[in-house]
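Colleague: Turn this into a model:
(one chain, ligands or ions: 1)
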Amino acid sequence: MSTVRFATNGNATNGGTNGVAKEAKGNGNGNGIDITNGGKLNNANPPKVYIGSPHKDFNPSSNDSLDGNHCTYELVQSVAQFLLDRVSIRPKIGIICGSGMDGTTGCLADALTNSTSFPYETIPYFPTPTVPGHMGRLVFGYLGDVPVMCMQGRFHYYEGYPLWKCAMPVRVMKLVGVTHLLASNAAGGLNDNYNVGDIMIIKDHINLLGFAGNNPLMGPNDERFGPRFPAINRAYDAPVRRMAKQVASEMGINDITHEGVYSVVGGPSFETIAEIRMLAALGVDAVGMSTVHEVITARHCGITSFAFSLITNKSVTDYESYEEPNHEEVIDMGKQREPVLKEFITRLVKKIEADRLSSK
Ligand SMILES: O=P(O)(O)O[C@@H]1C[C@H](O)[C@@H](CO)O1
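Modeller: Numbering: from 1, shown residues only. Prediction:
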């Protein structure tokens with residue numbers, strides 16, 4: 001595996017030859033309006049849409065930057081171009097590894113061959129993960145002969161990033177050419193039939209953060225990514241879910257594989273007993289702190305999405321219980337299940353690729 005260390009975050013040192021430094025400079029006044037033209041709109045240089053900027057007048061005076069509260073299509077494009085300039089493979093499948101599956105050793109990303117790896121801090125404008133167990137590398141390579149790009153570590157709302165920024169790498173995937181997203185996560189199991197170590201294929205979600213008025217698509221919308229009001233009722237692709245169930249049968253792990261509803265909470269505190277009981281009453285089978293913002297962002301820009309949870313702990317529903325969930329058990333369970341999950345994902349990736357090529 002080769003590791004690329006070209007530039008520190010936001011400071012591309014390539015002199016603009018790959019479009020990164022050039023794009024990052026914007027037009028000098030930061031709003032896409034040609035001030036040499038009496039402030040009139042210049043059609044060749046339409047105003048930029050500052051995605052994820054619910055603040056002020058959507059007209060930041062500084063250069064485009066992910067440090068502040070805004071981001072543009074052009075900026076995401078420049079990040080994608082930065083990567084495309086440095087790798088030769090063109091993956092159609094993007095993978096996001098959840099807690100415990102993205103550690104330093106034995107993780108899925110290590111299974112990639114002919115790989116090139118970018119620590120997040122070397123990718124312009126990329127956030128950096130702060131959670132133990134989330135390594136923080138973007139790895140391009142082949143998984144069972146299929147080209148993929150793999151996020152070894154993701155971003156959570158509780159780390160302090162707005163949701164659009166947590167999900168920004170999904171938009172980078174889109175502009176790199178990805179058509180299918182596979183996301184994994186660690187989750188607490190609410191369904192009585194689930195055991196620790198089981199896999200839950202996500203068939204739907206309840207976006208509790210969205211109920212509270214927080215969504216990765218909030219703020220101005222750039223139609224080049226997708227529509228203002230995207231449908232999300234078919235977010236978890238049925239054919240890919242069928243393929244995943246087929247994989248589970250082939251691997252002989254049907255008894256530990258389920259299909260269910262995932263709900264996202266903001267974290268980082270785990271849930272109270274009353275909250276778990278409420279979620280169970282709502283029909284939630286597993287609860288976690290990620291994935292939903294990524295899938296919404298992926299569906300918005302037309303990426304076919306699949307996600308699954310590894311049940312790393314059973315949610316506590318009993319006031320008499322002395323059990324407490326903790327992050328260490330989450331990571332331990334991820335490590336224990338690593339070989340099974342690696343096989344599961346590798347086989348699924350092969351099926352998706354075969355299906356993609358046959359339906360061309
Ligand atoms: O990134 P995921 O959703 O796998 O991580 C879960 C949620 C928290 O980040 C952490 C709690 O232990 O695991």
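Colleague: does the ligand sit close to stretch 92-112?
Modeller: Yes - under the criterion of C-beta under 6 Å from any ligand atom, the ligand is reached by stretch 92-112 at 98, 99. Yep, even glycine has a C-beta here, placed from its N, CA and C like the rest.
Colleague: distance between the ends of that stretch?
Modeller: Start and end residues of stretch 92-112 are separated by 15 Å (C-alpha to C-alpha, to the nearest Å).
Colleague: Need the pLDDT of the nearest residue to residue 113 once chain neighbours are set aside.
Modeller: Distance criterion C-beta to C-beta, 6 or more residues apart in numbering; nearest residue to residue 113, sequence neighbours excluded, is residue 142 at 4.8 Å. Predicted confidence (pLDDT) for residue 142: 97.
Colleague: what do you get for residue 33?
Modeller: pLDDT, read off for residue 33, is 33.
Colleague: Tell me where the protein has helices.
Modeller: Using DSSP state H, the helices of the chain run over 20-25, 73-84, 163-166, 168-176, 208-211, 238-251, 273-281, 292-300, 327-358.
Colleague: Make JSON lines out of those helices and add distance to the ligand, mean pLDDT and mean neighbour count.
Modeller: Converted to JSON lines, the helices of the chain look like this (distance: least, C-beta to the nearest ligand atom, whole Å; pLDDT from 0 to 100; neighbours: other C-beta atoms under 10 Å):
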{"stretch": "helix 20-25", "distance to the ligand": "28", "mean pLDDT": "31", "mean neighbour count": "20"}
{"stretch": "helix 73-84", "distance to the ligand": "21", "mean pLDDT": "96", "mean neighbour count": "21"}
{"stretch": "helix 163-166", "distance to the ligand": "10", "mean pLDDT": "94", "mean neighbour count": "23"}
{"stretch": "helix 168-176", "distance to the ligand": "13", "mean pLDDT": "98", "mean neighbour count": "25"}
{"stretch": "helix 208-211", "distance to the ligand": "13", "mean pLDDT": "95", "mean neighbour count": "17"}
{"stretch": "helix 238-251", "distance to the ligand": "17", "mean pLDDT": "98", "mean neighbour count": "16"}
{"stretch": "helix 273-281", "distance to the ligand": "15", "mean pLDDT": "98", "mean neighbour count": "15"}
{"stretch": "helix 292-300", "distance to the ligand": "10", "mean pLDDT": "98", "mean neighbour count": "27"}
{"stretch": "helix 327-358", "distance to the ligand": "4", "mean pLDDT": "94", "mean neighbour count": "18"}
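Colleague: Can you verify my assumption that the residue nearest to residue 113 contacts residue 114?
Modeller: Yes - under the criterion of C-beta atoms under 8 Å, residue 142 makes contact with residue 114 at 5.5 Å.
Colleague: Overlap in contacts, the two.
Modeller: Jointly contacting residue 142 and residue 114 under the rule C-beta atoms under 8 Å, 6 or more residues apart in numbering are residue 89.
Colleague: ok, these two, which is more surrounded?
Modeller: residue 142 (16 against 13; other C-beta atoms under 10 Å).
Colleague: got the contact list for stretch 263-278?
Modeller: Stretch 263-278 has contacts (C-beta under 8 Å, 6+ apart) with 156-158, 188, 190, 205-209, 279, 282, 284, 286-293, 315-319, 324-325.
Colleague: can you do 7 Å?
Modeller: 156-158, 190, 205-209, 279, 284, 287-292, 315-317, 319, 325 (C-beta atoms under 7 Å, 6 or more residues apart in numbering).
Colleague: That one: end-to-end distance?
Modeller: 11 Å.
Colleague: Also stretch 206-224?
Modeller: Start-to-end, stretch 206-224 (C-alpha to C-alpha) is 27 Å.
Colleague: Any buried residues in it, and which?
Modeller: By 16 or more other C-beta atoms under 10 Å, the buried positions in stretch 206-224 come out as 206-210, 214-219, 221-222.
Colleague: Of all pairs in those residues, which one spans the longest distance?
Modeller: 206 and 222 (27.1 Å; C-beta to C-beta).
Colleague: Surely residue 188 touches residue 315?
Modeller: Yes - between residue 188 and residue 315 there is a contact under C-beta atoms under 7 Å: 4.1 Å.
Colleague: what residues do the two have in common as contacts?
Modeller: In contact with both residue 188 and residue 315: residue 287, using C-beta under 7 Å, 6+ apart.
Colleague: What's the separation between the residue of the chain found nearest the ligand and residue 265?
Modeller: Residue nearest to the ligand within the chain (C-beta to the nearest ligand atom): residue 98, separated by 2.8 Å. Relative to residue 265, residue 98 is positioned 15 Å away (criterion: C-beta to C-beta, to the nearest Å).
Colleague: Looking at those two, which is more packed in?
Modeller: Neighbours were counted for residue 98 and for residue 265 using other C-beta under 10 Å; residue 98 has more, 28 against 21.
Colleague: which residues touch that one?
Modeller: 184, 185, 186, 290, 310.
Colleague: ok, now how distant is it from residue 200?
Modeller: Counting by C-beta to C-beta - residue 98 and residue 200 are separated by 12 Å.
Colleague: again, but for residue 154
Modeller: From residue 154 to residue 200 the distance is 18 Å (C-beta to C-beta).
Colleague: ditto for residue 73
Modeller: Distance from residue 73 to residue 200, by C-beta to C-beta: 34 Å.
Colleague: Ok, residue 99 next?
Modeller: In terms of C-beta to C-beta, residue 99 sits 15 Å off from residue 200.
Colleague: And the two? Which one has more around it.
Modeller: Neighbours were counted for residue 99 and for residue 200 using other C-beta under 10 Å; residue 99 has more, 27 against 24.
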